[in-house]
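>>> Structure for the following, please:
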Amino acid sequence: MCNLYRVLSNQEAIRAITSAMIDSTGNMEPLQEVWPDYMAPIVRNTPAGRELANVRWGLPSSSQGLEPETSE
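Numbering: from 1, shown residues only. The predicted model follows:
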């Protein structure tokens, strides 16, 4: 991932749009820059319903990308 993301909507708007029932983000400030490995809000499904949560943003590396390079 190499793109810059922004989160300019407030918590109430995100909860209303996504029907999030649980909010574990605390006091969420607008984020002008969200890069990989930054904390950012997401909406995820849980057994108790949709949850708005802060998590580390990014895509997991493939197993090929995690293997050390060797020279033979």
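
>>> For the rest of this, base every contact and every neighbour count on C-alpha atoms.
Will do.

>>> And the longest helix seen in the chain, how far out from the chain middle?
The single longest helix within the chain, with elements called by DSSP state H, is helix 11-18. Here helix 11-18 is found 15 Å from its chain centre; the criterion is C-alpha atoms, centre = their mean, to the nearest Å.

>>> what's the spacing between N27 and P41?
11 Å (C-alpha to C-alpha, to the nearest Å).

>>> Show me which residues of the longest helix of the chain are buried.
11, 14-15 (16 or more other C-alpha atoms under 10 Å).

>>> And for stretch 24-36?
Applying 16+ other C-alpha under 10 Å to stretch 24-36 flags 25, 28, 34-35 as buried.

>>> what ranges do the helices span in this protein?
According to DSSP H, the helices that the chain contains are 11-18, 63-66.

>>> among those, which is nearest Y5?
helix 11-18 (15.5 Å; C-alpha to C-alpha).

>>> so what secondary structure elements neighbour that closest one?
Based on contacts counted as 3 or more C-alpha pairs under 8 Å, 6 or more residues apart in numbering; DSSP states H and E, there is no element that helix 11-18 packs against.
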